[in-house]
Each structure stands twice: as structure tokens, then as C-alpha cells.
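# sequence-free structure coming up:
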Ligand SMILES: Nc1ncnc2c1ncn2[C@@H]1O[C@H](COP(=O)(O)OP(=O)(O)OP(=O)(O)O)[C@@H](O)[C@H]1O
């Protein structure tokens, strides 16, 4: 049996489910980008990474962002998560304009409301898997015992609860990626931002992670997934296509991973 199979995720149904929490209620907006532009550098080195982006994500909505390399996908996610500042335009998280927050207030909002899966995981090597997942909760005042319980539940959801006590350098790349995903989903975050969260995973585990994100959206979170994989975008409600920093197309996904035959902008 392979390591992947050993740590495979306890399954609920893999099929997307109906969203009971938000049905029949007016949509609650979790994220809004209003005319957002991002320019890096200056003078001759200037790069316009995002140009006048408008995007809204409601509670319970799963949005996939696709586009060629360099089209601005990671920049969009970093701005949405308050990790970087816009050059123009405004970003609202649960109605709060990020530009109105101090650095400390932004950090607090991120800890409380936003789960972020970084491309390079961003885990702390001196902590074990559980501690990496529970740390943001503890920093936010959750009692250690409760934070660790929640962390273990998040690790269970991504299929690696048996690795809870391992340090990061004792884990494979795929296992580290699952710890990073557990940290993003722990504590019922209102907004989950995931930047290519399955790159180190085999295709079966990748689909299982999509099912975890789908369930978070079905439970009421707003989910934004950056992906190159059309089959992963098939788990989303909506697919936004970027090219050269602009939204060039949007499509309603069929909630069928096989319905998007190819990435049309690649
Ligand atoms: N910190 C930075 N400084 C300067 N330029 C940057 C920086 N971050 C991104 N860029 C540039 O901004 C543009 C958009 O980059 P971004 O990483 O957002 O694209 P992407 O669609 O996520 O690409 P990929 O799929 O390769 O990850 C690219 O031209 C990139 O080189």
C-alpha cells in the first residue's frame, strides 16, 4: 500500500452537495474586489500584474481562477488575503475595506476570517503538524486544548490525522501540502484562498482535497481556488479566467469535474 493510500481522506460523498445554509436566503458577500489594479516595480521595471479587476464572492460560493502563467492569479489571491496592497481600487472582506485597516488589524482579520494555502506552504519547521495548524487559533486567543482539538479535526479532514505529531521535515511534500490545507480550513474561516493547493498531490488525493474545499463552501465559506487543472475547476460554482491581469471570461461550472474539457486561455 502506498503512503498516499495509507493517508487517504475519510470519505463523505465526493459529489458536490446541495447548500442548505444559504438556500433561499439573500447572498452574503464575503469578498469584493472593486476596480483593483496591481503594479510591481517602477520606472523601466514596472509590471502591471492586475488591471481593473472586479470580482465578488458570496458565502457558500466556490470560485476557481484560471489563466496562463503570469496572468495575475497569485497576485489576485495575495491582495484578496490582505498579504499585499493594491495599487488602485479597493478590496472588501465581509464588507470591511482592507485599506482602512492598520497592519495589526489586517493580521487579525486574516487570522480570524481568512484561510490561505500558500504555493510554498509557509509552514513552521520547528512545530509539528498539529501545532502548525493550531497556532493561528492560539494567537487569536483560543485555548490551547481547544485549538489542538480543532487542528486534529482539520488534519483528519485532509486525511493525515495519524501524522499529527510529526515535524514538518518528517513529512513528504504532499503531506506538508495537506498540513497547509488543514491550517487554512481550521476554525470555520469565512474565506478560504487556495493557491494551487494540490501541486504536490496525486490526482486521487487532489480530488479529495477539492471535495474538502467544496464541503467548506457548502457549509457557508467563500472559496477562491487558483488552479491550472480544468478538472479541479469543475468543483467550483464559477470559473474566472485571467489573461494579462484582466478578467477575460467567466463561466458557470457544471459541478462536474469532467465538464471543462480544457483551459480555454492556455
Ligand atoms: N513581487 C513581484 N515583483 C515584481 N513582479 C511580480 C511580483 N509578483 C508577480 N510579479 C509579476 O506579475 C505578473 C503576475 O504574476 P502572478 O504570479 O500573479 O501570475 P500567476 O498567474 O499567478 O502566474 P503563475 O501561474 O506562473 O503562478 C507576472 O508578470 C509576474 O512576473
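Cool, the structure landed. Given the structure is predicted, the values throughout are model-derived calculations rather than measurements. Numbers count the residues shown, from 1 in each chain.

# for the rest of this, base every contact and every neighbour count on C-alpha atoms.
Fine.

# strands of the stretch 101-250 of the chain, start to end?
Using DSSP state E, counting those that start in this stretch, the strands of the stretch 101-250 of the chain run over 114-117, 191-195, 222-226, 238-243, 246-252.

# now do the closest residue to the ligand within the stretch 151-266 of the chain, the pLDDT please.
The nearest approach of the stretch 151-266 of the chain to the ligand comes at residue 245, 7.0 Å away (CA to the nearest ligand atom). pLDDT for residue 245: 97.

# got the contact list for residue 111?
136-137, 140 (CA atoms under 8 Å, 6 or more residues apart in numbering).

# okay, the strands of the stretch 101-250 of the chain in JSON lines with mean neighbour count next?
Shown next, in JSON lines, are the strands of the stretch 101-250 of the chain (neighbours: other CA atoms under 10 Å):
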{"stretch": "strand 114-117", "mean neighbour count": "27"}
{"stretch": "strand 191-195", "mean neighbour count": "26"}
{"stretch": "strand 222-226", "mean neighbour count": "27"}
{"stretch": "strand 238-243", "mean neighbour count": "22"}
{"stretch": "strand 246-252", "mean neighbour count": "15"}
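
# compare those strands and give me the one nearest residue 232.
strand 222-226 (8.9 Å; CA to CA).

# now do that closest one: everything it contacts.
By CA under 8 Å, 6+ apart, the residues outside strand 222-226 that reach it are 30-31, 57-66, 73-74, 77, 190-197, 213, 216-217, 233.

# now stretch 75-92
30-39, 49-50, 52, 93, 97-99, 106, 110, 114, 116, 193-195, 224, 226.

# circling back: these two touch, right, the residue of the stretch 151-266 of the chain closest to the ligand and residue 54?
No - shown here, residue 245 and residue 54 do not form a contact pair, counting by CA atoms under 8 Å, at 11.4 Å.

# spell out which parts of the stretch 1-150 of the chain neighbour the ligand.
Proximity of the stretch 1-150 of the chain to the ligand, by CA under 6 Å from any ligand atom, involves residues 40-41, 47, 49, 68-75.

# quick one on the thing from earlier: contact partners for the residue of the stretch 151-266 of the chain closest to the ligand?
48-51, 53, 71-72.

# if we go to 10 Å?
Contact analysis of residue 245 by CA atoms under 10 Å, 6 or more residues apart in numbering lists 37-38, 48-53, 67, 70-73, 75-76.

# distance of residue 195 from residue 183?
According to CA to CA, to the nearest Å, residue 195 and residue 183 sit 14 Å apart.

# identify the contacts common to these two.
Common neighbours of residue 195 and residue 183 (CA under 10 Å, 6+ apart) are 116-117, 121.

# just the ones in helices from the contacts of strand 222-226, please.
Members of these lying in helices (criterion: DSSP state H): 73-74, 77, 213, 216-217, 233.

# from those residues, pick the one nearest residue 206.
Proximity of the ones in helices among the contacts of strand 222-226 to residue 206 (CA to CA) peaks at residue 213, which lies at 10.7 Å.

# dig out what the residue lying closest to the closest one once chain neighbours are set aside forms beta bridges with.
Distance criterion CA to CA, 6 or more residues apart in numbering; nearest residue to residue 213, sequence neighbours excluded, is residue 223 at 7.2 Å. Beta-bridge partners recorded for residue 223 (DSSP bridges): residue 62, residue 192.
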